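Colleague: Sharing a model prediction with you, sequence too.
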Amino acid sequence: MPLRNSIRFKRAKIEQIRVGTYLEWILIVFLLGLSLYNKSTLYLFFALLLAFLKQKEVGAIKALNIITYRTILNPALATDIGILQGIKWIYIFALSTYLILSYFKLGGLLQKKVNRIMLPIFLFFAYNLLVSFFVSSLPLVAIGKLVSYVYVFLAIIIGVAYTKGKIDWLNWVDILFKSIVILSVFLIPSPIGRVRNGISFQGITNQPNMLGIVLAIAMAIHLTNYIFHTRKTTISFLSFTSLYIYMLFLTRSRTSIMTVFTLLILFMLFMDAKSKYKFALISVTSAILVIFVYFSGGFTVFVRGVLYKQGDVDILYSRQEQISTLIANFKRSPIIGNGFAVPVLPYRSFAFSHEFIVEPGNLVLAVLSYSGIIGLTLLTWYLWKIISSNKHKARKLFLLPLSTILVSMGEMVFFSTNNIGIWLYMCLALYIWL
């Protein structure tokens, strides 16, 4: 009798958790929908977001992810979150501070692991801080961007470390990304889904390349989640894989297309699954590609349309100015760099403004421009420390850090906390702590 009651209690508890999860996602969709209309509802969005703090550190991480979600929404659908940029940054730093304080709640072993990862990150931070202050054209802007990157990155790493036993973060983030893709499906026949340039598909995001990045990260999480959770059905897995690939080609995002196919190839090579599942995945992937290319007017036309985009005379033409600028900056100061994430100007100014925007385009060239060979060496070291921190599960998880690096080779969002950097940090944190 006690055993039967125990089983009933466990089933009731599981059902309670399931209902709570459904209600939470309804709340998230409601909050995002509420924020679309005007400045007043955007204020309300931020106010109601505090409700997640009832879940303490778990809620703080969820809130940061929801803010990122809101940041990238299609301007044809949503009021620009930039009109409340100050409030957004207050939330990001306040939530990050709350998560960093959870460092003192970690057990001894977790603290030691965090310390090993934090050391090279702090060295990268300290070095760039000095370069930015003494060499940069815009010292305060450079330091502000550097602090926002490192502070939030460490907050996510520490927060996921502390909460990893309280929530299945891999599954939660997987659902988050799937919601973007599912909602974007409804805009495929609508001009709103192509409002940026009228050709490439952007779905509910603010531009096609953004949707491409989201799909690439989503694919890495989707594949990793399938490996980790054997309960996932093959039909569901293949359906979402096919949808991601189809939508990816609609975006015409070259970096993301190359990233996703690299992830799929490596997944099929290293996944632990029966041969029939590998064959099914290969078959479905190939079928989607063939069908899409056929309806795109032929293979040659399609490939040229993706590679050369809107009439570019060279494959790298759209990036030529970015690449030339980064190379010129590197040649100007190859050893120590020119300052973190700010343009190189013919004058120095201690003004602080959000108007100084750089579009580096490539992670390696960007770091060489920012902090020279020394900075790239430090970045390589701390990425290696992250990758080596979970060697025994690397085969199951390596797609997560790989996707963050690959997408940043064409769309350099790695340091962009104001954009989708938080999602890249989530991928790295999941790799470390799963």
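Modeller: Great, that's in hand. Numbers count the residues shown, from 1 in each chain.
Colleague: mean confidence for stretch 379-393?
Modeller: Averaging pLDDT along stretch 379-393 gives 92.
Colleague: just stretch 267-279 next, same as before
Modeller: Mean pLDDT, stretch 267-279: 65.
Colleague: what do you get for stretch 34-54?
Modeller: Here stretch 34-54 scores 93 as its mean pLDDT.
Colleague: ok, now stretch 320-340?
Modeller: Taken as a whole, stretch 320-340 has a mean pLDDT of 85.
Colleague: What lies in contact with it?
Modeller: By CB atoms under 8 Å, 6 or more residues apart in numbering, the residues outside stretch 320-340 that reach it are 128, 131-132, 135-139, 142-143, 145-146, 314, 316, 344, 359-362, 365-375, 415. To be clear about C-beta, it is placed using only N, CA and C from the backbone, and glycine gets the same treatment.
Colleague: Are any of those residues buried, and if so which?
Modeller: Using 16 or more other CB atoms under 10 Å as the burial test, the contacts of stretch 320-340 include 128, 131-132, 135-139, 142-143, 145-146, 344, 360-362, 365-372, 374-375, 415 as buried.
Colleague: Tell me which of these fall in helices.
Modeller: Judged by DSSP state H, these include 128, 131-132, 139, 142-143, 145-146, 365-372, 374-375 as members of helices.
Colleague: in stretch 213-229, what's buried?
Modeller: By neighbour count on 16+ other CB under 10 Å, the buried set for stretch 213-229 is 213-228.
Colleague: what's the helix or strand for the closest residue to Leu34 other than its chain neighbours?
Modeller: Computed as CB to CB, 6 or more residues apart in numbering, the closest residue to Leu34 that is not its neighbour in sequence is Thr41, at 5.2 Å. Assigning secondary structure by DSSP states H and E places Thr41 in helix 39-49.
Colleague: Output the contacting helices and strands for that helix.
Modeller: Counting contacts by 3 or more CB pairs under 8 Å, 6 or more residues apart in numbering; DSSP states H and E, helix 39-49 is packed against helix 2-34, helix 57-71, helix 85-101.
Colleague: Would you mind saying which of these lies nearest Trp423?
Modeller: Nearest to Trp423 among the helices and strands packed on helix 39-49 is helix 57-71 (5.9 Å), distances taken as CB to CB.
Colleague: Distance check, the closest residue to Ile167 other than its chain neighbours against Glu321.
Modeller: Leaving aside its sequence neighbours, Ile167 sits nearest to Val58 (CB to CB, 6+ apart; 5.4 Å). For Val58, the distance to Glu321 equals 43 Å [CB to CB, to the nearest Å].
Colleague: what's the answer for Gly33, then?
Modeller: From Gly33 to Glu321 the distance is 38 Å (CB to CB).
Colleague: and if you look at Leu402?
Modeller: 28 Å.
Colleague: Number of residues surrounding Thr255?
Modeller: Neighbour count for Thr255, taken as other CB atoms under 10 Å: 21.
Colleague: residues touching it, list them.
Modeller: If a contact means CB under 8 Å, 6+ apart, then Thr255 has 209, 212-213, 216, 406-407, 409-411 as its contacts.
Colleague: Check the residues you listed and tell me the two furthest apart.
Modeller: Maximum pairwise distance among these (CB to CB): 13.8 Å, between Asn209 and Leu406.
Colleague: Please tell me how far the closest residue to Ser132 other than its chain neighbours sits from Leu49.
Modeller: In this structure, Ser132 finds its nearest non-sequential neighbour in Ala142, 3.6 Å apart by CB to CB, 6+ apart. Distance, Ala142 to Leu49, by CB to CB: 30 Å.
Colleague: just to revisit the earlier point, ok, Leu402 and Glu321, which is more surrounded?
Modeller: Shown here are Leu402 and Glu321; by other CB under 10 Å, Leu402 has more neighbours (18 against 11).
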